[in-house]
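A.B. asks: Quick one: sequence and predicted model below, then my questions.
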Amino acid sequence: MSDQIKYVYGPIPSRRLGQSLGVDVVPLKTCNWNCIYCQLGRTTPLTNERLEYVPSAEVMAQVRQALDAHRPGEIDYVSFVGSGEPTLHSDIGWMIREIKAMTDIPLAVITNGSLLYLPEVRTDLSAADVVMPTVNAGNADLYKRIARPHPEVTFARVAEGLISFRRTFLGLLWVETMLIADVNDSVETLRELATVLRAVQPDEVHITLPTRPPSETWVEPPDEEGIMRASAILGDIAHVVHPGVGDFDLGGYDNVVDAVIGIITRHPMSQTQLERALTRWAPEQVEVAIAQLAASGQARKVERLNREFWTATSSHFPDEAQSEAADPDRRRSHAVAG
């Protein structure tokens, strides 16, 4: 396998951004949230320290190389997204400005939005075309239950940061709301969420569902009633975003083993999904590559909702007992039911 670390990947099909060239500027699970639904598993440990986690100049060199390798129209967005919270990288503002000088392709930042309470982070993101923060809760207790955040990142700080950013940001603000059955899909929780969103004033609200394997085993998407309830309460700017379709660009990978580990580090997939994505290689070659990675300890299976997914071993997915034990609200509800 190649020893070069890849900070730029794709373009890959995005549910909201078409063919997206991903820019990943933090190591796996470098984050200040530990979301119950995260497709990359649990965050261990949490950090709220802004650093140059990966070399900024090397990231820019890889972005330039990727842009030069694709014809006009093949990339819809350059997107900061990936293995953790991108605004934790202390040079993200410089990197955004450098990319904007390289290309007219619009630039998006997919972020949890938690650091927008810092004026320097608001300045860093001001040059982006689209900023896509996450708002899953309308009160502090529910926010802590879903995000399990670093102590410095309070609900009040997150809300105040988003409101302040909206006042000065000239681009598009698309808020993502992950809707989770029996967690934030009730009338009461959705009305509280709607109150926060009215204060933030996003251009759009994207209702997403936990369709990829979540960190906690009990996390499930809501039923149709819950989805319709959310759409009705959150208003006309809200719509459900369905899983993306399209092909992964795997031109940067020399062999099938590198391609498999490159994908499952950021996007856990079933074997069938991997075979469909990796059309450069025969299904038998993909199967052999998965077996090699499993045998070497680099990949493992995770079961969610009676489906098996392959993920990088470095991701931490708890089993069902560990997952149940980590959520006090579920322990209480089970005790009452018993």
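C.D. replies: Happy to help now that I have it. Note that this is a predicted model, so its numbers are computed, not measured.

A.B. asks: Please report phi then psi for P11.
C.D. replies: The phi/psi pair for P11 (degrees, to the nearest 10) reads phi -70, psi 150.

A.B. asks: quick one: contacts for it?
C.D. replies: Neighbouring residues of P11 by C-beta atoms under 8 Å, 6 or more residues apart in numbering: 19-22, 70, 74-76, 249. Quick note: C-beta positions are derived from backbone N, CA and C, even for glycine.

A.B. asks: On the pLDDT front, check it for me.
C.D. replies: Per-residue pLDDT puts P11 at 86.

A.B. asks: Chain neighbours aside, what residue packs nearest to it?
C.D. replies: Once flanking residues are discounted, P11 sits nearest to Q19: 4.0 Å by C-beta to C-beta, 6 or more residues apart in numbering.

A.B. asks: Could you do A108 as well?
C.D. replies: V130 (4.1 Å).

A.B. asks: Same check on A137?
C.D. replies: Counting by C-beta to C-beta, 6+ apart, the residue nearest A137 is Y143, at 4.1 Å.

A.B. asks: Okay, and the one you found sits in which element?
C.D. replies: helix 140-147 (DSSP states H and E).

A.B. asks: Quick check: which helices or strands does that helix pack against?
C.D. replies: With contacts defined as 3 or more C-beta pairs under 8 Å, 6 or more residues apart in numbering; DSSP states H and E, helix 140-147 has these neighbours: helix 155-168.

A.B. asks: redo that, cut-off 10 Å
C.D. replies: Identification of packing neighbours for helix 140-147 by 3 or more C-beta pairs under 10 Å, 6 or more residues apart in numbering; DSSP states H and E yields helix 155-168, helix 187-200, helix 328-337.

A.B. asks: Now do the contacts for T195.
C.D. replies: Counting by C-beta atoms under 10 Å, 6 or more residues apart in numbering, T195 touches 138-139.

A.B. asks: okay, it: pLDDT?
C.D. replies: 97.

A.B. asks: can you tell me how far it sits from A137?
C.D. replies: 11 Å (C-beta to C-beta, to the nearest Å).

A.B. asks: T217 too?
C.D. replies: Taking C-beta to C-beta, one finds T217 at 21 Å from A137.

A.B. asks: Quick check on those two: which one has the bigger neighbour count.
C.D. replies: Taking other C-beta atoms under 10 Å, T217 and A137 do not tie; A137 has more neighbours (24 against 19).

A.B. asks: I'd assumed R148 was in contact with that one.
C.D. replies: No: between A137 and R148 there is no contact under C-beta atoms under 10 Å: 11.8 Å.

A.B. asks: For the chain, just list every one of the strands.
C.D. replies: 8-14, 18-23, 77-80, 107-110, 130-132, 172-178, 204-208, 238-240, 299-304, 307-312 (DSSP state E).

A.B. asks: so the first one versus strand 18-23, what angle?
C.D. replies: Regarding strand 8-14 and strand 18-23, their directions subtend 150 degrees when assessed with axes from the mean of the first three to the mean of the last three C-alpha atoms, to 10 degrees.

A.B. asks: Give the closest residue to A159 in space, chain neighbours not counted.
C.D. replies: A159 sits nearest to V196 (C-beta to C-beta, 6+ apart), 5.9 Å away.

A.B. asks: contacting residues around that neighbour?
C.D. replies: Contacts of V196 by C-beta under 10 Å, 6+ apart are 135-139, 143, 155, 158-159, 162-163, 175.

A.B. asks: are any of those residues buried, and which?
C.D. replies: 135-138, 143, 155, 158-159, 162, 175 (16 or more other C-beta atoms under 10 Å).

A.B. asks: among the residues you listed, which two are most distant?
C.D. replies: Maximum pairwise distance among the buried ones among the contacts of V196 (C-beta to C-beta): 15.1 Å, between F155 and V175.
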